[in-house]
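1. prediction below, plus the sequence it came from.
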Amino acid sequence: MAGAQSQGSAVTDYLISPGEKGEGSSIARIVSEEDTRPKVRSTNDYQLEIDRVETEQGAYGSQLSEHLVGLGITYQTEGEHDDAIEAFKRAMHVNRVNEGLYSLSQVPILERLIESHVARGQWSEANDRHQYLYWLHRRNFGTEDPRMLPVIDKLSAWHLNAYALDMGAGLFNHLISAHKLFNLAVDIIDTNYGKNDLRLIDALRGITVSNYYLATYKGETEPSFQLRAGSEPTSAEQKARLDQYITNSYNSGKRAISRMVNVYANNPDSPPWAEAKAKVELGDWYLLFNKWQSALAIYQESHDALRDGNIDQTQIDLLFGQPVALPDLPLVDSSVVEEDEENQPYVLVSFDVTPYGRARNVAIIESMPEDNVRIRSRVRKALKLAKFRPRFENGSPTLTTGMTHRYLFADD
């Protein structure tokens with residue numbers, strides 16, 4: 001679950017998943033708004049250009065790929081993702097014929113393909129395209145080249161979201177792949193930029209998130225658990241290695257957050273509030289694993305450091321101005337799966353949060369459908385187990401009353 005709303009603020013929505021940016025002249029011409037507006041081309045326009053190039057240059061004309069990509073993007077804009085996929089696949093084939101099998105000019109086409117596969121819910125195909133994207137960069141740069149970092153970031157985020165949002169089979173493999181990629185990113189940054197480079201933060205946070213999911217892993221929903229999609233069921237040795245990941249998850253996550261604290265503390269370019277914020281994340285980690293006293297001590301230390309360091313109150317309020325539902329996972333993008341929110345089942349609930357971060361006085365305000373007892377029960381059970389970073393007032397954790405959340409259900 002993500003952050004919470006204090007009394008009097010707008011209702012926050014939460015998704016409960018099944019089971020996660022003049023030519024050469026020194027005098028510029030003044031142009032009208034209409035002149036600067038992009039020219040919209042239709043699928044028919046692109047098809048005419050494709051036919052022309054095929055007639056003049058043949059089936060693999062060097063200009064074909066550009067027009068096929070334009071056609072695919074137009075299909076995407078119109079929501080015709082099956083047609084977009086076919087256009088992008090042909091564009092890739094033409095590109096590889098003209099530019100070579102290992103050309104990085106395929107990358108923009110691959111990324112567009114992935115967008116359409118995701119839009120169609122084709123998780124296996126999207127996963128294969130992500131893997132090919134990684135392989136292509138590795139083939140050009142090598143595994144430990146710093147130019148690998150952007151694609152490692154994309155692939156690790158994909159695996160993490162695929163696991164968190166329950167996208168198809170082989171979930172544990174997604175989780176382990178994300179975990180390994182985040183660690184690879186840390187190694188590359190350490191080697192090329194130093195032990196206290198701020199680029200380490202995102203990768204270390206990724207290690208923390210993957211360790212949380214490892215610690216809470218409950219097993220595959222399929223009867224035959226597989227290490228990779230299409231592989232044989234896991235052997236005893238493989239299962240033992242997986243169990244070791246789970247056993248090490250708490251300490252591994254704690255080490256990653258502690259290193260974040262050290263990076264911020266030793267890097268002169270760190271924002272003044274960053275070290276204390278990282279310590280708050282360490283407190284969150286303690287709280288998630290029921291180490292209440294350690295968590296509250298870290299929260300108090302961090303709050304006092306921010307207050308005594310003359311940090312702007314806005315920054316302090318972001319951390320302690322209202323209860324924050326844990327785990328707070330900024331790397332997980334629930335918008336990957338689009339839902340029809342208007343017709344989506346939900347439960348609107350109010351509750352209090354104690355100074356120790358527990359939900360109390362839970363009351364169902366309304367739900368849709370009204371007679372769905374099961375989703376009401378799920379929310380009550382979730383809040384019974386939920387943990388919140390408490391709100392601080394006058395320098396201490398305090399009771400927060402009248403919290404209001406609307407919990408959305410994706411599979412009911």
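-> Perfect, I can see it now.
2. so where's the stretch 101-250 of the chain uncertain?
-> Scanning the stretch 101-250 of the chain for pLDDT under 70 picks out the ranges 167-170, 219-235, 238.
3. what sits up against stretch 264-280?
-> By C-beta atoms under 8 Å, 6 or more residues apart in numbering, the surrounding residues in contact with stretch 264-280 are 196-198, 201, 257, 260-261, 263, 298-299, 301-303, 305-306, 309, 311, 315, 319, 389. Glycine gets a C-beta too; all of them are placed from N, C-alpha and C.
4. which SS class is Asn290?
-> For Asn290, the assignment made with DSSP: H, G, I helix; E, B strand; the rest coil gives coil.
5. got the phi and psi for it?
-> phi 60, psi 30 (degrees, to the nearest 10).
6. Pro271 now?
-> Phi and psi for Pro271, reported as degrees, to the nearest 10, are phi -60, psi 150.
7. for the chain, which segments count as helices?
-> For the chain, the helices defined by DSSP state H cover 33-36, 43-57, 64-77, 81-99, 107-119, 123-141, 149-164, 171-193, 200-215, 236-266, 274-288, 292-308, 313-320, 373-385.
8. so which of those comes closest to Pro355?
-> Pro355 lies closest to helix 292-308 among the helices of the chain, at 8.2 Å (C-beta to C-beta).
9. now do the closest one against helix 274-288: the angle between them, please.
-> Between helix 292-308 and helix 274-288, the angle comes out at 160 degrees (axes from the mean of the first three to the mean of the last three C-alpha atoms, to 10 degrees).
10. make a ChimeraX selection of the buried ones in the contacts of stretch 264-280.
-> Burial among these is assessed by 16 or more other C-beta atoms under 10 Å; the matching ChimeraX selection reads:
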select :196,201,257,260,261,263,298,299,302,303,306,311,315,319,389
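11. just put the helices of the chain in TSV and tack on distance to Thr354.
-> Output for these, formatted as TSV (distance: least, C-beta to C-beta, whole Å):
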stretch	distance to Thr354
helix 33-36	56
helix 43-57	58
helix 64-77	48
helix 81-99	47
helix 107-119	40
helix 123-141	40
helix 149-164	27
helix 171-193	32
helix 200-215	23
helix 236-266	24
helix 274-288	12
helix 292-308	11
helix 313-320	15
helix 373-385	12
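12. so what's Gly206 up against?
-> Gly206 neighbours (C-beta under 8 Å, 6+ apart): Ser156, Leu160, Ala178, Leu181, Phe182, Ala185, Leu331.
13. find the nearest non-adjacent residue to the fourth one, please.
-> To tie it back to what came earlier, the one meant is Leu181. In this structure, Leu181 finds its nearest non-sequential neighbour in Ser156, 3.9 Å apart by C-beta to C-beta, 6 or more residues apart in numbering.
14. any idea how far Gly253 is from the one you found?
-> Distance of Ser156 to Gly253, computed by C-beta to C-beta, to the nearest Å: 16 Å.
15. and Ala278, by the same measure?
-> 13 Å.
16. what's the answer for Pro150, then?
-> 25 Å.
17. these two: which has the busier surroundings?
-> Gly253 (25 against 11; other C-beta atoms under 10 Å).
18. pretty sure the more buried one sits against Tyr213.
-> No - the pair Gly253 / Tyr213 is not scored as a contact, 10.0 Å apart, by C-beta atoms under 8 Å.
19. returning to what we had before: so who does the residue nearest to Leu181 touch?
-> Shown in contact with Ser156 (C-beta under 8 Å, 6+ apart): Ser177, Ala178, Leu181, Phe182, Ala185, Gly206.
20. taking these, tell me the two that lie furthest apart.
-> The largest separation in these, counting by C-beta to C-beta, is between Ser177 and Ala185 at 12.7 Å.
21. nearest to Asp166 among the contacts of Ser156?
-> Closest approach to Asp166 among these (C-beta to C-beta): Ala178, at 14.4 Å.
22. domain-wise, how is the chain divided?
-> Under the assignment automatic domain parsing, the domains of the chain span 40-121, 334-409.
23. that older thread, can you put the contacts of Gly206 in JSON lines and add distance to Asn361?
-> Formatted as JSON lines, these follow (distance: C-beta to C-beta, whole Å):
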{"residue": "Ser156", "distance to Asn361": "40"}
{"residue": "Leu160", "distance to Asn361": "34"}
{"residue": "Ala178", "distance to Asn361": "37"}
{"residue": "Leu181", "distance to Asn361": "42"}
{"residue": "Phe182", "distance to Asn361": "39"}
{"residue": "Ala185", "distance to Asn361": "43"}
{"residue": "Leu331", "distance to Asn361": "32"}
